[in-house]
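**Student:** please find the sequence and the predicted model below.
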Amino acid sequence: MAIHLIRKLEQFTELSTDDKRALEQVASRQIRLLSPKEDIVHEGDPPRHLNLILDGWAYRYKSLPDGRRQISAFLIPGDMCDLRMTIVREMDHSIAALTPLRVAEIPGDSLAELIANSARLERALAWNAIVEEAIAREWITNLGRRQAIERISHLLCELYVRLAAVGLTNGASFDCPVTQEQLGDATGLTTVHVNRTVQAIRDQGLIVWKGRNLAIPDFEALRNVALRAA
């Protein structure tokens, strides 16, 4: 059940057999199924447990009073949506299902007990938190300084690397359920601008996007565009 989380954490630290067994156990006790657009948690709600994505995609977002939305992260299998939120009174953002979703609800006390009993698991989760913070800084840089083609190229590179780390890529391709509207909400661009930018990336031969299948024939070339190193 927790195979994607285990794969991700082992990018940082090799977990023991007991660590893996314990993660599998806590991730299989309470499972919740959600439909697309359904909130896992809603802004203002008190956090009751940790939410681990088992299957499907979700996204973290905030909505303004007039309905405008900012997506601040895409969440994939193996991601713990709100690892630190159980210590606050209420959520300051919402998390919604992007696709049909299967989520493990893990009591905060249960995870705290696992961490207390395993230095390896504690270290892996700490490294994971550092990586998530680094990704968040890249998103801020995207919105503040990168041009449209750099923003979208950077986001697609990020998704590929994260999915590859948990075994959810097929060679150079992966299943990408993100719509152009959601890309716009994540990159601060209009849907029309996203459409033009994606087409420009296609025209350069950097991606092949058919339906939900996205292929990156030359990752380094796309990365160079994202970092303006080309």
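**Tutor:** Ah, there it is.
**Student:** what about G67, which SS state?
**Tutor:** Per DSSP: H, G, I helix; E, B strand; the rest coil, the local secondary structure of G67 is coil.
**Student:** okay, now it: neighbour count?
**Tutor:** Burial of G67 is recorded as 6 neighbouring residues (other Cβ atoms under 10 Å). (Each C-beta comes from the backbone N, C-alpha and C, glycine too.)
**Student:** where does the chain dip in pLDDT?
**Tutor:** 84-86, 229-230 (pLDDT under 70).
**Student:** which parts of it are strands?
**Tutor:** Secondary structure of the chain (DSSP state E): strands at 31-34, 39-41, 50-55, 58-63, 69-75, 94-97, 101-106, 173-175, 208-210, 213-215.
**Student:** residue contacts, the one residue sitting closest to the centre of the chain?
**Tutor:** What sits nearest the mean C-alpha location of the chain, by Cα atoms, centre = their mean, is L75, with 2.6 Å. The contact partners of L75, by Cβ atoms under 8 Å, 6 or more residues apart in numbering, come to 53, 57-60, 81, 95.
**Student:** let's see that with 6 Å instead.
**Tutor:** Taking Cβ atoms under 6 Å, 6 or more residues apart in numbering as the criterion, L75 is in contact with 53, 58, 81.
**Student:** distance to G144 added to the strands of the chain, as a markdown table?
**Tutor:** Converted to a markdown table, these look like this (distance: least, Cβ to Cβ, whole Å):
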| stretch | distance to G144 |
| --- | --- |
| strand 31-34 | 32 |
| strand 39-41 | 27 |
| strand 50-55 | 28 |
| strand 58-63 | 17 |
| strand 69-75 | 13 |
| strand 94-97 | 23 |
| strand 101-106 | 30 |
| strand 173-175 | 27 |
| strand 208-210 | 26 |
| strand 213-215 | 26 |
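**Student:** for T191, which of those strands is the nearest?
**Tutor:** Go through the strands of the chain one by one with Cβ to Cβ and the one that ends up closest to T191 is strand 69-75, at 12.5 Å.
**Student:** any idea of the angle that closest one forms with strand 58-63?
**Tutor:** Interaxial angle of strand 69-75 relative to strand 58-63 (axes from the mean of the first three to the mean of the last three Cα atoms, to 10 degrees): 160 degrees.
**Student:** run the chain-centre distance for strand 69-75.
**Tutor:** On the basis of Cα atoms, centre = their mean, to the nearest Å, the separation between the geometric centre of strand 69-75 and that of its chain is 9 Å.
**Student:** got the angle for that strand vs strand 101-106?
**Tutor:** Note on geometry: by the same axes, to 10 degrees, strand 69-75 and strand 101-106 are set 70 degrees apart in direction.
**Student:** start at 5 instead
**Tutor:** Right, with 5 as the first residue, what we last looked at is strand 73-79.
**Student:** out of the contacts of L79, grab the one that's most surrounded.
**Tutor:** A62 (27 neighbours).
**Student:** state the distance from K41 to E117.
**Tutor:** From K41 over to E117 the distance is 34 Å, taken as Cβ to Cβ, to the nearest Å.
**Student:** kindly report the same for R72.
**Tutor:** For R72, the distance to E117 (Cβ to Cβ) stands at 41 Å.
**Student:** look at these two and report which has more neighbours.
**Tutor:** E117 (13 against 9).
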